[in-house]
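# I'll drop the sequence and a predicted model, then ask my questions.
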Amino acid sequence: MAPHHVNQEQPPMNQLFVTDIIHFLDDNGAIASTLPPPAMIMATSLSNIIAQVTSQLNPQTTVNCWGQVNDLPCKGLIEAGVDIDTLEIIWACPICHDHGVIRQWQYTFFDCFEQWALDDEDTLPVLS
Ligand SMILES: [Zn+2]
């Protein structure tokens, strides 16, 4: 008997980005000027996410999504937080559902945690 065909509901079209931010940085810790434009846009956006997540409690950032919806720039604003277990920064776009994790952001230029109590986990912004 043929297996019953299950009409699987596909999740929304979206991409998962796993990025080690240091791969975008030069020897001085700045965003590498040699990056091609798409990578430059992503690196700039990711660094802004890091800076905002580590300097505010609110998971809502002012970082514009760099994805596209129907071939037009996505109008979403990235939401982000810190995974308390892994200390990876998790981000997601509420409009196009692109999402990802950022690793190795600690101690970069964009890490603002040192300005406030890192040992108080209750103060970490967490994306629910
Ligand atoms: Zn988006």
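Perfect, thanks for sending it.

# which residues of the protein fall in strands?
Applying DSSP state E to the chain gives strands spanning 16-20, 60-64, 68-69, 72-73, 77-82, 89-92, 99-103.

# Which of the ones you listed sits closest to the ion?
Evaluated over the strands of the chain, closeness to the ion peaks at strand 68-69, with 6.6 Å, by C-beta to the ion. C-beta: built from backbone N, CA, C; applies to glycine.

# That closest one and the ion, any residue contact?
No: in this structure, strand 68-69 remains apart from the ion according to C-beta under 5 Å from the ion; the gap is never smaller than 6.6 Å.

# residues making contact with that strand?
Applying C-beta atoms under 8 Å, 6 or more residues apart in numbering, the set of residues contacting strand 68-69 from outside is 74-75, 95-96.

# Run me through the strand neighbours of that strand, direction for each.
Using DSSP bridges, the strands paired with strand 68-69 are strand 72-73 (antiparallel).

# now the partner strand, how far from the chain's geometric center?
Going by C-alpha atoms, centre = their mean, to the nearest Å, the spacing between the C-alpha centre of strand 72-73 and its chain's C-alpha centre is 19 Å.

# per-residue confidence at the most centrally placed residue in the chain?
With distances taken as C-alpha atoms, centre = their mean, the residue of the chain nearest its centroid is W91 (3.7 Å). Looking at W91, its pLDDT stands at 97.
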